[in-house]
Each structure stands twice: as structure tokens, then as C-alpha cells.
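Asks: Everything below, folded, please.
(one chain, ligands or ions: 1)
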Amino acid sequence: MIHGPCGRAFSKSPCMKDGYCTKYYPKIFSRTIVIEDSGYPSYRRRGTGVTTEKKGVHMDNNNVVPYNAYLLMSYQAHVNVKYCNKSNAIKYLFKYVNKRSKQGSNWSYKGTFNGEDAQVIDEIKQFYDCRYLSACEAVWRSLAYDIYQRWPSVMRLTFYFPGEQNIIFKDDDDLEEIVEVEEGKCTMFLAWMEANKKIESSQFFIYAEFSNQFVYDREVREWNPRKRGNSIGRLNYVSPGTCDIYYMRILLAVQRGCTTYESIRTFNGITYSSFQDACYSMGLLCDDREFITVINEVAELTSGN
Ligand SMILES: [Zn+2]
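Replies: Model prediction:
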């Protein structure tokens, strides 16, 4: 495990760049291990006076590459031992052991730029600058393992005006029969109001918080107290152009423990005739916030046209 010889006299050595050894050999004698500002250790090197000869050059302890004697003897091979204790150690675990070129590309393409505009972005070249997958990542993707996780789960919360719920049925189903079956049944939204009737008012949550404390059972269409895990509730999107259901959505984001449609538009004991009026009385629409929110939302959701 002797590095070199390198230096001025051996400028063709692979470690040499601009007249210097990129691995900083030969090192210097040191009584103790020193952790340098860069975070890399500078190991103890004792001046034992022991030398060896390689390509006609006398080399001493300062040319020895850090090694593990047990591994060298076991494998009878060059073994480079590194101790890593940083978060970027992942590089050593997965990338370094498969070290090859970082990028594989067989394409050759030359952008032709006319004029002096140096700021031209060569998108074709950018496209051809392929990404190199290491063996680990290639196998991971080939075997279709998950490449991301999502936690906690996000639950889409439905809401609607009385009798306007979505119902899924097959083409050849009998419509009258479906209406009959579905009419008396709860939905996620109605079940939320039913659940509010049963729980104590101190436990009242807004609709979006509800799924964090309760689990919706789709079979029996009931919300039951959650035993483990959690879930973030999100109210379905509603366009501001739909008017009153949009205002109901605003109210659902603040009203707690609603048990009926009327209770959603009730504030300080007064039941308002429309959801919009209730929004006004609660001070939810008294400034330009509503319009600013809508403009911001549109800017994110829609295309230029
Ligand atoms: Zn060197």
C-alpha cells in the first residue's frame, strides 16, 4: 500500500495534475491524528526510519496509503479502507463501489450558433446529455421498486348541496333502483355531520381536521375514532364561479362540529339564508383577500392563455 512514486520526476503518474499530486503524497510525519478544517483526517505517521524502494525511489511512512492489515492479509489484494460518518456516506455505499463515468452518452451533436449571442441555450444538447444510472439504481428501477413514498396519506373530502352527491353506477344499471338505494344512505360528508351529533362539543374539529382523528369506513359509511396513524384532509377544489358551493367551502374551512346544512351557515346563533351572507357576517369576505387568493390560485393552476 505504497503511493507513488509521484511528484515532479514522475509527472506521468495518474495522480499528478498541474505538477502536484492530487492525493497530497508524500504526507508529513505527525504524532497524532489531526482533523483538518475540511473535515478530513490527517493520520498519525511515525518517523520509524523504515524505508522501501519502488521504481528506484526510497519511500518511507509518508508514502503509505491508510490500510487495514487484516483485510490486506485476508484478501491478498489492494484494499482501501475508509471510515465515513457523514450523511453523504450514501455515496460510498452505493455510488463509489460501482464507480464509473457519471454520464453515458453516445450522441455527438454540435450546436450551430450564428451571431455573437453567447446566451443561446442548446436545448437539443441538454436533451442528449443523458443521465447515467449506476448499477444499483438501474436494478432498483428495473425491478420496479418504489422510488418515492408519500406520508402521511392525503384524503380528499367531498361536500355538496343536498341531493347533489356523486354516485357511480354502471351503464346498464336501473336508475330508479339506484336512486332508491342511495337516497337514504350516508356519504362521507353527511357521515361527518352524523358523527358530530355523537361526539362532545369539546372535540369538535373542522372538516379538514376530522380525518386526522377519525377514519371513514366506506363499507358502512361511518366515521369511527382513529386508533393509529394519521391522514391529512383536503377539501375538494371548487371554482369561485360556482358561487354558493364555493362559499360553503370557505365556511367548511372554519366551522366546527356542523350537524346540518343550516349549522354550516349559522354564526353567533343566527342562521343566514345563504352561505355567502354567512361568510360576510363572519368577516371572511370583508377585504380583498378573496380576490387575491383567486388570482394566486389561477396563476398556479392555469396556462398563459
Ligand atoms: Zn501521488
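Asks: Okay, now the unreliable bits of the stretch 201-305 of the chain?
Replies: Scanning the stretch 201-305 of the chain for pLDDT under 70 picks out the ranges 305.
Asks: try it again with 50
Replies: Across the stretch 201-305 of the chain, nothing is flagged by pLDDT under 50.
Asks: State the distance from the closest residue to the ion within it to D37.
Replies: At 54.2 Å from the ion, E300 is the closest residue in the stretch 201-305 of the chain, using Cβ to the ion. C-beta here means a position set from N, CA and C on the backbone, and glycine is covered the same way. Distance, E300 to D37, by Cβ to Cβ, to the nearest Å: 44 Å.
Asks: phi, psi of R265?
Replies: Main-chain torsions, R265, degrees, to the nearest 10: phi -100, psi 30.
Asks: contacting residues for it?
Replies: The contact partners of R265, by Cβ atoms under 8 Å, 6 or more residues apart in numbering, come to M248, L251, T271, Y272, S273, S274, F275, D277, A278.
Asks: let's see it at 7 Å
Replies: L251, T271, Y272, F275, A278 (Cβ atoms under 7 Å, 6 or more residues apart in numbering).
Asks: which residue ranges form the strands in the stretch 201-305 of the chain?
Replies: Counting by DSSP state E, counting those that start in this stretch, residue ranges of the strands within the stretch 201-305 of the chain are 214-217, 222-225, 231-235, 266-267, 270-271.
Asks: can you redo these as CSV with mean neighbour count?
Replies: Output for the strands of the stretch 201-305 of the chain, formatted as CSV (neighbours: other Cβ atoms under 10 Å):
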stretch, mean neighbour count
strand 214-217, 17
strand 222-225, 15
strand 231-235, 16
strand 266-267, 18
strand 270-271, 12
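Asks: and the residue located most distally from the centre of the chain, what pLDDT?
Replies: In the chain, counting by Cα atoms, centre = their mean, G56 sits farthest out from the average C-alpha position, at 55.8 Å. For G56, the model assigns a pLDDT of 89.
Asks: What of S74?
Replies: pLDDT, S74: 93.
Asks: Can you verify it is assigned to a helix?
Replies: Yes: under DSSP: H, G, I helix; E, B strand; the rest coil, S74 sits within a helix.
Asks: That one: neighbour count?
Replies: 10 (other Cβ atoms under 10 Å).
Asks: Contact partners for it?
Replies: With Cβ under 7 Å, 6+ apart, S74 has no contacts at all.
Asks: how much space between it and N68?
Replies: 9 Å.
Asks: joint contacts of those two?
Replies: By Cβ under 7 Å, 6+ apart, no residue touches both S74 and N68.
Asks: hmm, back to that, what is the nearest of the contacts of R265 to T259?
Replies: Comparing these against T259 with Cβ to Cβ places T271 closest, at 12.5 Å.
Asks: which residues touch the closest one?
Replies: Per Cβ under 7 Å, 6+ apart, neighbours of T271: E262, R265.
Asks: On the strand side of things, show who the closest residue to E209 other than its chain neighbours bridges to.
Replies: Once flanking residues are discounted, E209 sits nearest to G233: 6.7 Å by Cβ to Cβ, 6 or more residues apart in numbering. Per DSSP bridges, the residues bridged to G233 are M155.
Asks: Double-check G233 against S153; I have them as touching.
Replies: No: counting by Cβ atoms under 7 Å, G233 does not reach S153; the two are 10.1 Å apart.
Asks: tell me how far the ends of stretch 1-14 are from each other?
Replies: Chord length of stretch 1-14, first to last residue, is 16 Å (Cα to Cα, to the nearest Å).
Asks: do stretch 200-219 as well
Replies: 25 Å.
Asks: Repeat that for stretch 226-237.
Replies: 25 Å.
Asks: try stretch 15-30
Replies: 23 Å.
Asks: How about that stretch and the ion, touching?
Replies: Yes: contact of stretch 15-30 with the ion (Cβ under 5 Å from the ion) involves C15, C21, K23, Y25.
Asks: contacting residues for the one residue in the stretch 151-300 of the chain that gets nearest to the ion?
Replies: Closest residue of the stretch 151-300 of the chain to the ion, Cβ to the ion: W151 (47.6 Å). For W151, no residue meets the contact criterion (Cβ under 7 Å, 6+ apart).
Asks: Domain boundaries for the chain, per the record?
Replies: Per automatic domain parsing, the domain ranges recorded for the chain read 8-83, 153-301.
Asks: With respect to Y145, which of the ones you listed lies nearest?
Replies: domain 153-301 (19.8 Å).
Asks: start to end distance for the closest one?
Replies: Where domain 153-301 begins and where it ends lie 22 Å apart, using Cα to Cα.
Asks: re earlier: what would the contacts of R265 look like in TSV with distance to V50?
Replies: Listed next are the contacts of R265 as TSV, based on distance: Cβ to Cβ, whole Å:
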residue	distance to V50
L251	84
T271	95
Y272	93
F275	88
A278	89
